[in-house]
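J.: How does the following fold in three dimensions:
(one chain, ligands or ions: 2)
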Amino acid sequence: MAPGTSDRRKLTILGSTGSIGTNTLDVIAQLGGRERFDILALTGSGNVELLARQARDVGAKLAVTADETLFAALKDALSGSGINVAAGKSGLIEAADMDAEWVMAAIVGTPGLAPTLTAAHRGADIALANKECLVSAGDLFVKAVSAGGGRLIPVDSEHSAIFQSLERDQRHAVERIILTASGGPFRTATLEDMRNVTVETARAHPNWSMGLKISIGSASMFNKAFEMIEARHLFDVRPEQIEVIVHPQSIIHSMVGYSDGAVMAQLGVPDMRTAIGYALTYPRRTALDVERLDFAKLARLDFEAPDETRFPALRLARTALERGGLQGAVLNSAEEAAFDAFVEGRIGFLRMAEIVEAVMDRMAHLPPAAHMDDIVAADEEARRIATELLS
Ligand code: NDP
Ligand code: MG
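T.: Ligands and ions are numbered 1, 2, ... in the order given. Reported below is the predicted structural model:
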């Protein structure tokens, strides 16, 4: 039931303490907060202080930290509040299994898959920020959502833009999906410059303020690689229909090209709250206090072709799409392992893509996943090979 009616809606936010999670709570507050919504569960991991504060503010029924060692700290922080507390993977599942009609999936990385699937199975509408669900589990994830009967609503700004630009009864005429990419902090850097960059320079995104993982992914363009695979599954298009164009201002969030030559785009200032608000109130639009575009101030929008030599992640996404099967899961898990190694200072920035490519090649001939267990097995094997290559 869309807000704006008298019915209250039950919501859960998986990953409420992160960048998407805090923006989601801001949108909920803007749309009436506790007056209009029942927040059933909030989950976080390391930041239990913020989690406890959020849970008290919105009157959540359950607060969960993914980190079992922080259970006591969370319990302490919520003592006397009447809010239930849980921890670990089972706690995340418990949160996802409460009967919220709308679940924001905003945990970062592979740990988001199991709880998001739990919410999908019981038929919740899934507002999907955790693109890793689609990169790793692809068709199985889409099938799980549709079997549960809930809707899958993209939150990723590019995919929200495409979702908004798709004319529902004209799907036959969709020729191409054009994903925009800012190009990240190394858009104009040379390969030599990129060899020695630090985590601090890599995480400094020119336009968006986001969590660490996706910020580094924007610098390497692995984030865009993930988004190509995400688009393939969300919009059921063929790999060759997905294009990437670098657009440094991040004002056009993405576009749909139709067979009559028309291109529909969605524009806005880079602020995730528009996409989150759209996912929350879809198919209605609602008023949000976000900055408006000032076209005169903007003056121009620039575009350039992506450079797959400096950003091999895009080429690897195409390889994964062509090979199909478990290659998305392999790409996702190998990238997570390589990302950890880069952030911990064990490898240089450019080595990340080399590791991912090597793992993908070693696991190129696996049959498609028939079951989620196949995804879990591929994840473990990809991490094992990545670790071997990293040592
Ligand atoms: P953040 O790092 O800011 O937040 C991640 C959230 O996941 C936090 O709540 C964090 O808890 C929690 N978390 C961390 N580790 C675990 C774990 N092992 N198990 C369960 N929960 C965990 O990330 P973002 O908000 O930036 O990104 C979230 C997702 O949304 C990602 O999939 C990202 O790709 C996607 N996304 C993000 C965008 C953005 O603008 N930020 C844009 C588009 C997509 P804690 O902080 O308490 O440790
Ligand atoms: Mg995005």
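J.: Counting neighbours, what do you get for the residue in the chain positioned nearest to ligand 1?
T.: Closest approach between the chain and ligand 1, counting by CB to the nearest ligand atom: G18, at 1.9 Å. The C-beta positions use only the backbone N, C-alpha and C, and glycine is treated the same way. If you count neighbours by other CB atoms under 10 Å, G18 ends up with 25.
J.: what's the answer for V263, then?
T.: 13.
J.: cool, and the one 4 residues further on?
T.: Neighbour count of L267, defined by other CB under 10 Å: 14.
J.: show me what contacts it?
T.: Under the criterion of CB atoms under 8 Å, 6 or more residues apart in numbering, the neighbours of L267 are I251, I252, H253, L293.
J.: same check, this time on E175
T.: Counted by CB under 8 Å, 6+ apart, E175 has contacts Q241, G257, Y258, S259.
J.: A382 and A329 touch, don't they?
T.: Yes: counting by CB atoms under 8 Å, A329 is a contact partner of A382 at 7.1 Å.
J.: show me where the stretch 201-350 of the chain has strands.
T.: 242-246, 252-258, 263-267 (DSSP state E, counting those that start in this stretch).
J.: who wins for proximity to R203 among these?
T.: Closest approach to R203 among the strands of the stretch 201-350 of the chain (CB to CB): strand 242-246, 19.2 Å.
J.: name the helices or strands packed onto that closest one?
T.: When contacts are defined as 3 or more CB pairs under 8 Å, 6 or more residues apart in numbering; DSSP states H and E, strand 242-246 packs onto strand 174-181, helix 222-235.
J.: pretty sure L74 belongs to a helix, no?
T.: Yes: the assignment for L74 (DSSP: H, G, I helix; E, B strand; the rest coil) places it in a helix.
J.: Quick check, it in contact with L62.
T.: No: contact criterion CB under 8 Å: L74 and L62 do not qualify, at 10.9 Å.
J.: Pull the residues that contact stretch 57-68.
T.: 25, 28, 33-34, 37-46, 48, 51-52, 54-55, 71, 73-74, 78, 83-89, 91-92, 94-95, 98, 107, 111.
J.: got the contact list for the residue in the chain that ligand 2 sits nearest to?
T.: Nearest residue of the chain to ligand 2, counting by CB to the ion: D156, 4.2 Å away. Contact analysis of D156 by CB under 8 Å, 6+ apart lists L128, A129, K131, E227, E230, A275.
J.: Of those, which ones also sit close to ligand 1?
T.: For ligand 1, the contacts drawn from these by CB under 6 Å from any ligand atom are A129, K131.
J.: Pull the residues that contact stretch 216-225.
T.: 179, 181-182, 184-186, 197, 199, 202-203, 205, 208, 210, 214, 226, 244, 306, 311, 313-314, 316-317, 320, 331, 335, 339, 342-343, 349, 352-353, 356.
J.: neighbours around E158, how many?
T.: 28.
J.: Can you check what angle separates the helix or strand hosting it from strand 263-267?
T.: E158 is part of helix 157-165, with elements assigned from DSSP states H and E. Helix 157-165 and strand 263-267 are oriented at 120 degrees to each other (axes from the mean of the first three to the mean of the last three CA atoms, to 10 degrees).
J.: quick one on the thing from earlier: which one of the contacts of L267 has the most neighbours?
T.: Neighbour counts for the contacts of L267 peak at H253, which has 24 neighbours (criterion: other CB under 10 Å).
J.: Chain neighbours aside, what residue packs nearest to that one?
T.: In this structure, H253 finds its nearest non-sequential neighbour in A161, 3.5 Å apart by CB to CB, 6 or more residues apart in numbering.
J.: same thing with L366?
T.: Nearest to L366 is L326, by CB to CB, 6+ apart, at 4.5 Å.
J.: Looks like the one you found contacts M363 (just checking).
T.: Yes: taking CB under 8 Å as the definition, L326 is a contact partner of M363 at 7.0 Å.
J.: gap between stretch 266-286 and the chain center?
T.: Relative to the mean C-alpha coordinate of its chain, stretch 266-286 is positioned 15 Å out (CA atoms, centre = their mean, to the nearest Å).
J.: Report the buried residues of that stretch.
T.: 266, 268-282 (16 or more other CB atoms under 10 Å).
J.: Highest neighbour count among the contacts of D156?
T.: The contacts of D156, ranked by neighbours (other CB under 10 Å): first place A129, 34 neighbours.
J.: give me phi/psi at that residue?
T.: In terms of degrees, to the nearest 10, the main-chain angles of A129 are phi -90, psi -40.
J.: list the contacts for it?
T.: G15, I20, M104, A105, A106, V155, D156.
J.: which bits of the stretch 101-250 of the chain sit near ligand 1?
T.: Close to ligand 1, as judged by CB under 6 Å from any ligand atom, the stretch 101-250 of the chain has residues 106-108, 111, 129-132, 156, 208, 210-214.
J.: Excluding chain neighbours, what is closest to A364?
T.: In space, A364 is closest to R323, 6.0 Å off (CB to CB, 6+ apart).
J.: Show the model's pLDDT score for the one you found.
T.: R323 is assigned 96 on the pLDDT scale.
J.: ok, now F186?
T.: 98.
J.: List the residues that contact it.
T.: Contacts of F186 by CB under 8 Å, 6+ apart are D193, M194, V197, A202, A219, R310.
J.: what does V269 give?
T.: I251, V290, E291, R292, L293.
J.: Quick check: the farthest pair among those?
T.: It's I251 and V290 that sit farthest apart of these, by CB to CB, at 13.4 Å.
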